[in-house]
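In: Pasting the sequence and the predicted model now:
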Amino acid sequence: MEENTRQFDRARAIEVSLTRRRRFREKLVHRFAKAIADYQLVKPFDKIAVCISGGKDSMLMAKLFQELKRRNKFPFELVFLVMDPGYHPENRRKIESNAALLDVPITVFESDIFNSVVNVEKSPCYLCARMRRGHLYKKAKELGCNKIALGHHFDDVIETTLMSMLWGGQIQTMMPKLHSTNFEGMELIRPMYYIREEDIIAWRDSNDLQFLRCACRFTEKLENEAGDMESASKRKETKQLIQLLKKTNPAVEANIFNSMHNVALDAVIAYKTKGEKHYFLDDYQEETMLPNDPMILLSYINTKLRDDYSNLDMLCEDMQADRAEIEQKLAAADYKYDEKLNRFV
């Protein structure tokens, strides 16, 4: 009984820390709600599968969703969904004990993803992530959900953006919401979009919480054989690069994030939309920069003909100008081209 009381008191203290401490209220609760409002992530009567991996990000997301539901003005439902892809028993127990501590009523289901990818040599993490998402979509749909929520945060977004350019040779980012291409009527949302990782870590540490880091068998195998796999990952290299740039440009993180909200398509060589590639030359129209005023145009053309060009056709070709348009403009001002004089008179 005493143990249950202590656990209840701690759970309440962790919950209260989100709303009573100014830093967490402003940088976690408020930013969570702002992302949901800005990107229209939650709508009336949604049923959302809050996907919990056992790490700090998804566990915090679960608590923020609970806080949102308490305060929100329209009805929606939550299912706190945990997929066990083949965790070691101690990792499974860790997730369950943390969920109990945080008073998050989880729904757990099993899959064999780890067994499927453990012997894959090329891009096992990518394959694992794809398979995880597919299983989560399927289970969420079985439970009557129309959305799944993932715990990707601001730092994940900017790192992905930069990685796509540096190692992918393309410009794309982690979107705040996406329609599923394989599960009709399902949508993925990322309500932690505005939340900084340092603030998540601060909340975790201030409450003395211990979450899973990865719990992936493949990662554990490599770490045992060859040290920390993450130190060699492209994501960690990107994270380190951003921190290096931040030393001379404190706004670099915000600038990377904002760049994906301020894409100037008129200054992009090519872009893809809905699987179709568009090239800037598709609708590019040459401009000659010739003046429109007939008197200024007359002076400009005659000077060029006198000093640089032996005839009007050569000038028009070099300047990518339309001879008929030039003659029409100057004819309207009573000037005609004299081939012998090589000028308009």
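Out: That came in fine, so what should we check first?

In: contacts and neighbour counts: CA atoms only from here.
Out: Will do.

In: Let me know the average pLDDT across stretch 77-88.
Out: Average pLDDT, stretch 77-88: 91.

In: quick one: contacts of that stretch?
Out: Stretch 77-88 is contacted by residues 45-53, 62, 92, 104-115, 132, 136, 140, 215-217 when judged by Cα atoms under 8 Å, 6 or more residues apart in numbering.

In: and stretch 320-329, how far out from the chain's middle?
Out: Computed by Cα atoms, centre = their mean, to the nearest Å, the chain-centroid distance of stretch 320-329 equals 48 Å.

In: An error on my part: the question was meant for stretch 160-173.
Out: Distance of stretch 160-173 from the chain centroid (Cα atoms, centre = their mean) equals 10 Å.

In: What's the ChimeraX syntax to select whichever of the contacts of stretch 77-88 are buried?
Out: To isolate in ChimeraX the members of the contacts of stretch 77-88 that are buried, counting by 16 or more other Cα atoms under 10 Å, one can use:
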select :46,47,48,49,50,51,52,53,62,92,104,106,111,113,114,132,136,140,215,216,217
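
In: May I see the domains of the protein written out as residue ranges?
Out: Recorded structural domains for the chain (assignment: automatic domain parsing) are 2-275, 294-344.

In: and those as CSV, adding distance to D283?
Out: As requested, the domains of the chain are arranged in CSV below (distance: least, Cα to Cα, whole Å):
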stretch, distance to D283
domain 2-275, 11
domain 294-344, 17
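
In: And these: which comes nearest Y284?
Out: Nearest to Y284 among those is domain 2-275; the distance by Cα to Cα comes to 10.1 Å.

In: ok, back up a step: quick check: which of the domains of the chain is nearest to D282?
Out: Nearest of the domains of the chain to D282, taken as Cα to Cα: domain 2-275 at 9.7 Å.

In: which ones are touching L298?
Out: Applying Cα under 8 Å, 6+ apart, the residues near L298 are 330, 344.

In: In which helix or strand does it reside?
Out: Assigned by DSSP states H and E, L298 belongs to helix 294-307.

In: shaky segments in the stretch 51-200 of the chain?
Out: Filtered on pLDDT under 70, the stretch 51-200 of the chain yields the residue ranges 114-127.

In: What segments of it are helices?
Out: Secondary structure of the stretch 51-200 of the chain (DSSP state H, counting those that start in this stretch): helices at 56-71, 89-101, 113-117, 124-142, 154-166, 197-206.
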